[in-house]
Structures are given as structure tokens and as C-alpha cells.
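K.L.:
Task: produce atomic coordinates for the following.
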Amino acid sequence: MRIASLFEQKKTVFSFEVFPPKKTSSIDTIYATLEELQGLNPDFISVTYGAGGNTGDHITCDIASVIKNKYNILPLAHLTCINDTREDIEVVLDRLEQNGIKNILALRGDINPNIPPKKEFKHASELIAFIKQRGGFHISGACYPEGHVDSDSLVDDILNLKKKVDAGAEHLISQLFFDNNYFYSFVERARIAGINVPIEAGIMPVVNKAQIERMVTLCGASLPSKFVKMIQRFEHSPEALRDAGIAYAVDQIVDLISQGVDGIHLYTMNNPYIAKRISESISGLIQA
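P.N.:
Below is the predicted model:
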């Protein structure tokens, strides 16, 4: 099934993201997470790319295969390209195809200052075009409500996003954000530019201060005063901050659904407890 076809249903699409366990952790940890996520009935589950984006590491494909064949949930496999050649990508695509994985989230990937990037793929749009030309896959792309950190302006960011869609991206998942107004403004810009594919809102429940500091450094998301005050108020009480973070995420999701968002993509951080709390809070809204 194409991920994009899910948006033809008369409901809000609800999906999860998981990531492979660290090399120091047992693979069983992700399977225990998936076991619990299965009961929450997501429309699909995406799996981030390998350990550091290494094409020789097949764990993303392996986890996606388990999601599909053991848990009967539609998987979306992430694939990055900045550190790969065309031959490297072909190897990954062959393996995904052999495992029946048909949906790919095509990404440039983060630039590691310690690893010189390869020259063959500089942008996600080039990877999307390469996969599209090869055939056999349905392609999703990433989008950035506040603009990609490497974009010169919001206009350039939308133009680059249009290149992804024109190259073959059928569905978009947004980077996390904490102020819904940024998302609404972004969707308006995208629609004006002729980007008419489904756009899912990426929501990350913040449950500790270190997490938010790390994510803001990576993606540059703005922090509303309401959010900052929440962190400051509860930063020394882990349980209270966890509950406040869940409540903040639920509040975001309720507002997004009421405004007719295409879908919600929940960054679970491999924490089924948080995913369950949020899923239970919005289950009636998803089906409405």
C-alpha cells in the first residue's frame, strides 16, 4: 500500500516514528517497543536510517520487515544519501525490495563534519529523482515549518520542497515544531506554491530538558514562551516534566486536528508509554 493512499480515508492519519537501538543496546529493545505500539493501531510506522547512515548496516530494513511481516503494520523506511554513492543506494533499494518494503522516506541526511560527504547526492530531491527513475517504490519527503537550517530564506525552502514533490515525493512529514502557527503558515506557503500532496505534522513530546536542548540545536525549532515556562517550571521534577510534555503535545495535536491537518506523525523516541498516553487522549478525535 502507498502511504499517500492512507490520506484518501475520511480520518486523520496517525503514525509513529521509531529508531534502531544503539549498538550498545540489544535489538530486542525495539521489538518490545513495537509490541506495545502495535496495540495503538497506527496507520504506519517509520524507521530512521541505520546507525549513522551506514548502508552496510541493514537494521532499518530488518526492523521495517518485522513491522510489516510480524506486526502487520505498514512500514516507512528512512533512507539518507549524503554519504552514499549511487551504487550504495542501489544496494539498499535492492534489499528493501527483497523484503517487500515499498515506502521510503528519502532524506539528504545530516552532514557529519568528520565524514566528507560523497558528491553524487547533494540534496534529497536528487535521491527522490533517482528512486523514482528506478521505480518500484512510493516516496515520502521531509519538510520544515520554520525552514531548513541550511536554507537562505523561507522562499528558498519552499522552492526546494517543490523540487522534491516535482521529483516524485507523494507525501511529506514535517520536522518537529512547538508553535502550531509556524506549521499553518508553512502549509499556506506550500499550497500557494502548488505543493498539493498530503502534509503530516511531526510532533515530539518533550520529556526532559536535555532532549529539547539537543533537538533545538539540531533543527533550530523556536520555543514559545508558554513552552519555555513549562520547561523552567518542571525541569527538576522528571515525572512532572514528562506529564507536562505529554499534555503540551496533546494540546498541539487537538488544535491541529481541529484545523483539518492531514495527519499526525508522532516522534515516539522509542517510548511506548508516552505514545500510549497521547494515543489514548486523541483516539476519539482521530476517528471523527
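
K.L.:
for Ser140, phi and psi?
P.N.:
phi -110, psi 160 (degrees, to the nearest 10).

K.L.:
That one bridge partners, please.
P.N.:
Per DSSP bridges, the residues bridged to Ser140 are Leu105, His171.

K.L.:
got the contact list for it?
P.N.:
3-4, 76, 103-106, 169-173 (C-beta atoms under 8 Å, 6 or more residues apart in numbering). (C-beta placed from N, C-alpha, C; glycine too.)

K.L.:
For the stretch 51-200 of the chain, which segments count as strands?
P.N.:
74-80, 103-107, 138-143, 171-174, 199-203 (DSSP state E, counting those that start in this stretch).

K.L.:
Can you mark which positions in the third one are buried?
P.N.:
Within strand 138-143, the residues scored as buried using 16 or more other C-beta atoms under 10 Å are 138-143.

K.L.:
Secondary structure class of Glu36, three-state.
P.N.:
helix (DSSP: H, G, I helix; E, B strand; the rest coil).

K.L.:
Excluding its own residues, what touches the longest helix along the chain? List them.
P.N.:
Scanning the chain for the helix with the most residues, using DSSP state H, yields helix 238-258. The contact list for helix 238-258 (C-beta under 8 Å, 6+ apart) reads 12, 178, 180, 183, 201, 203-209, 227, 230-231, 233-235, 264, 266, 274, 277-278, 281-282, 285-286, 288.

K.L.:
ok, for Gly263, nearest residue in space, not its chain neighbours?
P.N.:
Val13 (3.3 Å; C-beta to C-beta, 6 or more residues apart in numbering).

K.L.:
Can you give me the neighbour number for that neighbour?
P.N.:
22 (other C-beta atoms under 10 Å).

K.L.:
need the contact list for it.
P.N.:
Here Val13 is in contact with 6-7, 43, 198, 200, 262-264 (C-beta under 8 Å, 6+ apart).

K.L.:
Can you lay out those residues as JSON lines showing neighbour count?
P.N.:
Below are those laid out as JSON lines (neighbours: other C-beta atoms under 10 Å):
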{"residue": "Leu6", "neighbour count": "20"}
{"residue": "Phe7", "neighbour count": "19"}
{"residue": "Asp43", "neighbour count": "22"}
{"residue": "Pro198", "neighbour count": "19"}
{"residue": "Glu200", "neighbour count": "27"}
{"residue": "Asp262", "neighbour count": "17"}
{"residue": "Gly263", "neighbour count": "26"}
{"residue": "Ile264", "neighbour count": "25"}
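
K.L.:
Show me the residues you listed that map onto strands.
P.N.:
Under the assignment DSSP state E, the contacts of Val13 contribute 200, 263-264 to strands.

K.L.:
Serialize these to a markdown table and add fields for distance to Asn160 and pLDDT.
P.N.:
What follows is the ones in strands among the contacts of Val13, written out as a markdown table (distance: C-beta to C-beta, whole Å; pLDDT from 0 to 100):
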| residue | distance to Asn160 | pLDDT |
| --- | --- | --- |
| Glu200 | 18 | 98 |
| Gly263 | 22 | 98 |
| Ile264 | 24 | 98 |
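
K.L.:
pretty sure Thr29 is touching Asn270, no?
P.N.:
Yes. Between Thr29 and Asn270 there is a contact under C-beta atoms under 8 Å: 7.4 Å.
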